[in-house]
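Q: would you be able to build a 3D model of this:
(3 chains)
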Amino acid sequence: MLWVCGAVFVVVTTALLLSIVRGINNNNRSKQDAELPSERVLANGVGASVGLTVLTLILLLVASIVTGRTVGSPLAGSSAVTIAITGHQWWWEIQYEDAVPSRRVVTANELHIPINRPVVLKVTSRDVIHSFWVPNLQGKRDLIPGYTTAIWLQADRTGFFRGQCAEFCGMQHAHMAFDVIADSDRDFEGWLEAMRQPGRDPAPSTRRGRDIFMQSRCAGCHAIRGTEAAGQIAPDLTHIATRSTLGAGTLPNTPENLAAWIQDPQRMKPGNQMPANPLPEEDVQALVAYLETLR
Amino acid sequence: MSEVRTLDVSALPPGAFGSRSLTFWGTLGIVVIEGTVFALAIGAYFYLVTRFPAWPPHGVAAPDLRWGTINTLILLASLIPNELARRAGEHVDLQRVRIWMVACLVLAVGFNVVRVYEFAHLNVMWDHDAYGSIVWLVLGLHTTHIVTDFLDSSVLTVLMFTGPVEEHRFVDVEENAVYWYFVVLSWLPIYGVIYWAPRLL
Amino acid sequence: MTGRAYAASGGHLDRLEQTWADPKGPAGWFTHVDHKSIGRRYLVTAFSFFLIGGALAALMRLQLSRPDNTVLGPDLYNQIFTTHGTTMMFLFAVPVMQGLGIYLVPLMVGARSIAFPRLVAYSYWMFLFGGIFLFASFLLNAAPDVGWFSYPPLAESLYTPSKRADVWAQLITFTEVASLAVAVALITTALKLRAPGMTLNRLPIFVWAQIVTSFMVLFAMPAVMLASTSLILDRLVGTHFFDVEHAGDALLWQHMFWFFGHPEVYIIFIPGTGIVSTIITTFSRRRMFGYLAVVLSLVATAFMGFGLWVHHMFATGLPQLGASFFTAASIIIAVPTGTQIFCWIATLWSGRLTVKSPMLWILGFFTIFIVGGLTGVMLAAVPLNTQVHDTFFVVAHFHYVLIGGAVFPLFAAFYYWYPKFTGRLLSERLGAWVFGLFFVGFNLTFFPMHVLGLHGMPRRVYTYPAAMGWGNLNLLASLGAAVMACAVVLFVVDAIRALVAGVVAPWNPWNAGTLEWATSSPPPNSNFPRPPTVAGREPLWQNPPDQPVVVGLRDDARDVLVTHVLDAEPDHRLLFPEPSVWPFLTAITTTVLFVWSIFTPWAVVYGAVPVFVTMVGWFWPKSPAEGGTQLWPFSRRTLPRPNEAPAAGGAI
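A: The predicted structure is shown next:
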């Protein structure tokens, strides 16, 4: 496509420049009418150009439709992994589907996929229109409330791929990224199994942090499976310590950042849905210590 | 200075009727615009049909046929005095213009009043769901036209009584009738959509 | 053809000038109906909005010049990018092209006035008040912030509880009312007020472009008005067109908006092609090659433009078969545009070319628009589209087509017609500088954006992480924007300088062939002291020396000749309205209605009353025989019926 368009640009611009030179020349040499190209010659030229244009466009049209067919349907064969993605302002809810309910996995902002297997994403939104886009793996798909559509992708190599929301969704559209990690089949299954486990029971040293979590308003929005925290409107925190970023790609996930985020998320991501939590310093440290155990 | 040939237009009349007049083209422009609005609203209506499992939605009755059908008849009936007013305008007959325009206005009062009953018997509110919203929008758009047509025809009719009445005002009478035709005839597909689509789909 | 042949005797000429003069002075300013006055206002006001929109863009570029920048926070940035787009599309691009039409179409067809002059005056006030409304809202922290196409559910009251989205939606209403009114006036002017002899195949291509554009306006603008009204209804009275909770549909908005939105860009581009055809013809000193092909291409583009809109929605997950249709249409529309380009090249090739400032901008148009058109063909392909949709690649594409296809021709038009509007010539030397700076600055700004999009940078982000590696190209783009700004400033400086100290322009500085050059620069109040007749497509090149002029129109009233649609044979005369304050007053009452109605639905009822009053004032006769026809009672009619011949035909 790029080569064809590039060639068209070169040809047309050259013709234009030539015509300018010719035209100026005709003027400077005060050419008589008979010396100028006749209407017949010009008509042939224009006609040929239009004909060539039509042909080129038809070729491009066929090429784009064929490519679209190919890219639009997953490769046949091995079993697909099906993941449901729900967009929220401004984070990604991720659910791994499974026929057995107890084997389903809920997480946020980060997904792992096995290489060499098609991954089918069923996407929708809980609030406004978002768009799921991992440039290195597939074109984007809009997440539209009221619609669930399916898009597939497949990684051919292991690695880390960044994705970002690609439909303006309000204040923090710029900070709604997610990570896709492509693992070998074995590593992927291992990760999935680990994610199925409920949140670890805290050791005595971090029990206080868990209690602060349950008593503050955290549990009203966030869920930690295996505890009484079952909030549905914010990212699932059962395995928060395994994620590489906070705030959907806004900050690296370090204890310092986590502490700062908990106390004042508005400072780093103004307008996001999480309110400030001005807890005393020791409480914050305890909370962070607890959350760091959620692997 | 060389002899300049001239095209003397002083004998041309100071106006003309029908598609020769500028007013006709202005009216045509409005008809195209408003016709497009209606067509798009009806398009949105049918788009929403595809998004609903049932139309009208479960638990909602289709709009009552009675008032819509009565109003259709009144609107169609108004075409008679409307056409007679149009011809009277074209024949520059002030007496007949006055009579038939008043007749039109009487019927217009009728169809505006009945329109209120139509709204009251749609059997759905505009804020019920998208079905309610689109039904009210389509009916509301047409209502805007019958209200404004009534108002502008009233002003013109008053002028035909109070004067000053110039000959070119009869062109306005004629063109006003053209717009009235549009308002009445555009009602027919809208009537079909609001009252019959829920029954036939 | 020089003016001498048309000079009329002194007394008659003075009376004519006085008859057609709009009142001077500040109070009189609110009553003007002269299309040249309204046209100038449109151009100046639209250009002012261009400057404001450009300033907003400069702020955006400043914020994006470095990663993780803190010049603008998200809230202000979102308002700015929305207002930038809204201003450029609704307050600049369409009004400026319509403004050119308002000024030039009556002159080009040889008429003394535009049709429906008071309606055109009203439209100007609506346009101005809409713009004031938008920017007043900006100053009150209520500028729209959901993008220039305002997608629900984000634009619904649940997610945008403030008045911001209502301001956007109502701005649409203001500008669309204005545009629709002008479209009706331009079509009527071009069809009914042409000089005798100007059959349809002698219509200047610029006028064809304006007619085609005006028809597109009639069919496209209703869609956006319907959409924005539905949005206000959702937000104000609880309808559920677009909200999922009550079976509304977010995609309904997209279909409705883009049914308008795609033709909108052709509404902006097609007048640009009319400008290009005009200027190429003049500077090649030959008639346009392939006139019929060019006109048919304009019509074909207009029709096809209505069949492309879904290409803005390829990322929504539509069925492939449907998407393929829109891909095909989006690719094939390049054929009529290409046809025009080839005809232009043929005209240049076989012409006797001089290159003055307007031609420089035409050359810029070619190169830049073609790049934009080609990236458009790329975007039409679904697999490519789903990668670069909503990235800076698209931002680059539409700036290449819009700035290349409309702004470059617009600057060409400014340099070409400035002498006609003002009686002064702009500086050739400064013109070359303005062009050079703008061309270089534009490419520096927008070419890197193709790369940024391909590297994954999405649109409408107020900042981006340093780790993405987008910083350098963004910095380059911002520097390019600074260069563009310098060009624009230089242009404004020259425009003001020329007004006071520029070389005085003759009637026809470019030796062009169309009728606007057959009168003084600027034209007298009556446009043509003796209205012309024509014998060819380029009247000033082709009219024989004794081509007749029209006589017999009154000089004590605003008498205009009305001709037949197809063959421009004289049909009747018509007295046009005197200056009037009612268009201005009606615009005031309409504005009150519109602004009030974003706060309460009852405004539609109560606000309608003053509107009705001012409209009656507008319509009601101000003096008994102001229409120039006989007062009732009379015994014999003078106005012919539709099929009657005129009372006594005019004769050559």
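
Q: could you list the alpha-carbon positions for stretch C:403-418 in CSV?
A: Written as CSV, here are the backbone C-alpha positions of stretch C:403-418 (Å, rounded to 0.1, in the frame of the first residue of the first chain):
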residue,chain,number,x,y,z
ILE,C,403,-5.1,22.3,5.3
GLY,C,404,-3.9,21.2,1.9
GLY,C,405,-7.3,21.0,0.3
ALA,C,406,-8.9,24.0,1.9
VAL,C,407,-6.5,26.3,3.7
PHE,C,408,-3.9,26.5,0.9
PRO,C,409,-6.6,27.3,-1.7
LEU,C,410,-8.0,29.7,0.8
PHE,C,411,-4.8,31.6,1.1
ALA,C,412,-4.6,31.5,-2.7
ALA,C,413,-8.0,33.0,-2.8
PHE,C,414,-7.0,35.7,-0.3
TYR,C,415,-4.1,36.7,-2.5
TYR,C,416,-6.2,36.5,-5.6
TRP,C,417,-9.3,38.3,-4.5
TYR,C,418,-7.9,40.7,-1.9
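
Q: from residue C:344, how far off is residue A:19?
A: 8 Å (Cβ to Cβ, to the nearest Å). In this view, the C-beta of every residue, glycine as well, is placed from N, C-alpha and C.

Q: looking at those two, which is more packed in?
A: Between residue A:19 and residue C:344, residue C:344 has the larger neighbour count (other Cβ atoms under 10 Å in any protein chain shown), namely 27 against 22.

Q: now do the SS call for the closest residue to chain B within the stretch 51-200 of chain A.
A: Across the stretch 51-200 of chain A, the shortest distance to chain B (Cβ to the nearest Cβ) belongs to residue A:146, at 8.2 Å. Residue A:146 falls in the coil class when you classify it by DSSP: H, G, I helix; E, B strand; the rest coil.

Q: which pLDDT value goes with the residue lying closest to it once chain neighbours are set aside?
A: Using Cβ to Cβ, 6 or more residues apart in numbering or on different chains and skipping residues adjacent in sequence, the residue nearest residue A:146 is residue C:244, 3.8 Å away. Note on residue C:244: pLDDT of 91.

Q: now for residue C:244: which residues touch it?
A: Each residue near residue C:244 by Cβ atoms under 8 Å, 6 or more residues apart in numbering or on different chains is listed here: A:145, A:146, C:153, C:250.

Q: surely the first one touches residue A:123?
A: No. Checked against Cβ atoms under 8 Å, the pair residue A:145 and residue A:123 is beyond contact range at 11.1 Å.

Q: quick check, residue A:182 in a helix?
A: No. Per three-state DSSP, residue A:182 lies outside any helix segment and is strand.

Q: quick check: the residue of the stretch 51-200 of chain A closest to chain B vs residue B:166, distance?
A: 58 Å.

Q: more neighbours: those two, which one.
A: Higher neighbour count among residue A:146 and residue B:166: residue B:166, with 24 against 17, using other Cβ under 10 Å.

Q: need the contact list for that one.
A: Counted by Cβ under 8 Å, 6+ apart, residue B:166 has contacts C:621, C:624, C:625, C:626, C:627, C:629, C:630, C:631, C:632.

Q: can you put the contacts of residue C:244 in a markdown table and add pLDDT and distance to residue A:118?
A: Shown next, in a markdown table, are the contacts of residue C:244 (pLDDT from 0 to 100; distance: Cβ to Cβ, whole Å):
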| residue | pLDDT | distance to residue A:118 |
| --- | --- | --- |
| A:145 | 97 | 26 |
| A:146 | 95 | 26 |
| C:153 | 96 | 31 |
| C:250 | 96 | 28 |
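
Q: and the furthest pair within these?
A: Pairwise distances across the contacts of residue C:244 (Cβ to Cβ) peak at 9.0 Å, for the pair A:146 and C:153.

Q: find residues that contact each of these two.
A: By Cβ under 8 Å, 6+ apart, the residues touching both residue A:146 and residue C:153 are C:244, C:250.

Q: make sure residue A:134 is actually in contact with residue A:151.
A: No. Counting by Cβ under 8 Å, residue A:134 does not reach residue A:151; the two are 10.2 Å apart.

Q: ranges for the strands of the stretch 151-295 of chain A?
A: Assigned strands in the stretch 151-295 of chain A, in chain order: A:159-164, A:177-183, A:245-246, A:251-252 (criterion: DSSP state E, counting those that start in this stretch).

Q: what is the second one packed up against?
A: Contacting strand A:177-183 under the criterion 3 or more Cβ pairs under 8 Å, 6 or more residues apart in numbering or on different chains; DSSP states H and E are the following elements: strand A:110-114, strand A:159-164.

Q: repeat the analysis, applying 10 Å as the threshold.
A: Taking 3 or more Cβ pairs under 10 Å, 6 or more residues apart in numbering or on different chains; DSSP states H and E as contact, the helices and strands that strand A:177-183 lies on are strand A:91-96, strand A:110-114, strand A:159-164, helix A:185-196, strand A:245-246.

Q: for the last one, same thing?
A: Where contact means 3+ Cβ pairs under 10 Å, 6+ apart, strand A:251-252 is packed against strand A:245-246, helix A:255-263.

Q: sheet partners, orientation included, of that strand?
A: strand A:245-246 (antiparallel) (DSSP bridges).

Q: contacting residues around the strand it pairs with?
A: Outside strand A:245-246, the residues within contact range by Cβ atoms under 10 Å, 6 or more residues apart in numbering or on different chains are A:109-110, A:162, A:177-179, A:235, A:240, A:251-254, A:257-258, A:260-262, A:265, A:268-269.

Q: which parts of the helix or strand containing residue B:30 are buried?
A: Element membership for residue B:30 (DSSP states H and E) is helix B:22-51. For helix B:22-51, the neighbour count (16 or more other Cβ atoms under 10 Å in any protein chain shown) marks B:22-38, B:40-45, B:47-49, B:51 as buried.

Q: likewise stretch C:544-551?
A: C:547, C:548, C:549, C:550, C:551.

Q: tabulate these (a markdown table), appending pLDDT and distance to chain B.
A: Shown next, in a markdown table, are the buried residues of stretch C:544-551 (pLDDT from 0 to 100; distance: Cβ to the nearest Cβ, whole Å):
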| residue | pLDDT | distance to chain B |
| --- | --- | --- |
| C:547 | 94 | 7 |
| C:548 | 95 | 4 |
| C:549 | 95 | 6 |
| C:550 | 95 | 5 |
| C:551 | 94 | 4 |
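
Q: tell me the one of the residues you listed nearest chain A?
A: Distance to chain A across the buried residues of stretch C:544-551 (Cβ to the nearest Cβ) is lowest for residue C:547, with 22.5 Å.

Q: contacts only, for residue B:60.
A: B:54, B:122, B:123, B:124, B:125, B:128, B:129, B:131, B:132, B:135, B:198.

Q: out of those, which is most surrounded?
A: Highest count within these by other Cβ under 10 Å belongs to residue B:135, 28 neighbours.

Q: and for residue C:140, the neighbour number?
A: 10.

Q: ok, it - contacts?
A: The neighbours of residue C:140, taking Cβ under 10 Å, 6+ apart as the test, are C:163, C:167.

Q: chain neighbours aside, what residue packs nearest to the closest residue to chain A within chain B?
A: Going by Cβ to the nearest Cβ, chain A is nearest to residue B:51 of chain B, at 8.2 Å. Leaving aside its chain neighbours, residue B:51 sits nearest to residue C:249 (5.2 Å; criterion: Cβ to Cβ, 6+ apart).

Q: residue boundaries of the helices in the chain?
A: You didn't say which chain, so I picked chain A. Counting by DSSP state H, chain A has helices at residues A:2-28, A:39-72, A:185-196, A:207-215, A:218-221, A:255-263, A:265-268, A:281-291.

Q: chain B was what I was after
A: Under DSSP H, chain B gives helices at B:22-51, B:65-90, B:94-120, B:130-162, B:169-191, B:197-200.

Q: so for residue C:36, which of those sits nearest?
A: helix B:22-51 (19.4 Å).

Q: elements contacting that closest one?
A: helix B:130-162, helix B:169-191, helix B:197-200, helix C:164-192, helix C:205-237, helix C:250-284, strand C:570-575.
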